[in-house]
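>>> what follows is a predicted structure for the sequence shown.
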Amino acid sequence: MRLQPKNKRLYRKALEIFTLSRSVSNYLVHDLASLEEDGNENPHIYFTGDIIRQSDALAPHIIHAENQVFQDDRIKHAHSLIRITNRLYKNCERLEQSQSNGKEFATLLRKELRKFKSLQRSWMMTL
C-alpha cells in the first residue's frame, strides 16, 4: 500500500528536486571525475553523490511526517526534513565552488531549493 502525500505541491517539488539533482550530478560527475594535477581526486565529486542521496530522502520524509499520529512526531520528522534540505542546500553551494563547467546547474538547483523551503515553511504550519 502506497501512502499519498497530503501536500501535493510540496511533494511534487521534492520529486522535481530529486530529478534535477540527478541531472546535475550526472553532468558534474564527468567534469569532476578526472584527477587533479597532483594526482588526487577532486574532493567536490563526493558532493554530487550527497545531493542525490539527500534529494532522494525528501519525498519519503514528507509522507512519513504527514502520516504520524501524534503532532510531536510529525514535527520531529518535519525538522528532520529541514535538516536534510539545509544540508542539500549547503552541498549545492559547495558544488558551485568547484572548478566545473556545469556549476551553474548547482545554482539552478539552489534556486529550486529556495522555492521548496518556502513551501516547506507553510507546510509545517499545517502539521
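Good, I have the coordinates.
>>> as a quick check, tell me the outermost residue of this protein.
For the chain, the residue at maximal distance from the C-alpha centroid (CA atoms, centre = their mean) is D38, at 31.4 Å.
>>> list the residues that contact it.
Contact partners of D38, counting by CB atoms under 8 Å, 6 or more residues apart in numbering, are absent. C-beta: built from backbone N, CA, C; applies to glycine.
>>> now do the SS call for it.
For D38, the secondary-structure state derived from DSSP: H, G, I helix; E, B strand; the rest coil is coil.
>>> residue ranges with poor pLDDT in the protein?
Along the chain, the model assigns pLDDT under 70 to residues 1-2, 31-36, 39, 41-44.
>>> which residues touch the residue positioned nearest the centre of the chain?
Note on the chain: the residue nearest the mean C-alpha position is S55, at 3.2 Å, using CA atoms, centre = their mean. Contacts were defined as CB under 8 Å, 6+ apart; by that measure S55 touches 14, 17-18, 20-22, 88.
>>> what's the burial count for the nearest residue to it once chain neighbours are set aside?
Nearest in space to S55, with sequence neighbours left out and distances taken as CB to CB, 6 or more residues apart in numbering, is S21 at 4.0 Å. Burial measure for S21: 27 neighbouring residues, criterion other CB atoms under 10 Å.
>>> again with the one 4 residues further on
Counted by other CB under 10 Å, the residues lying close to S25 total 24.
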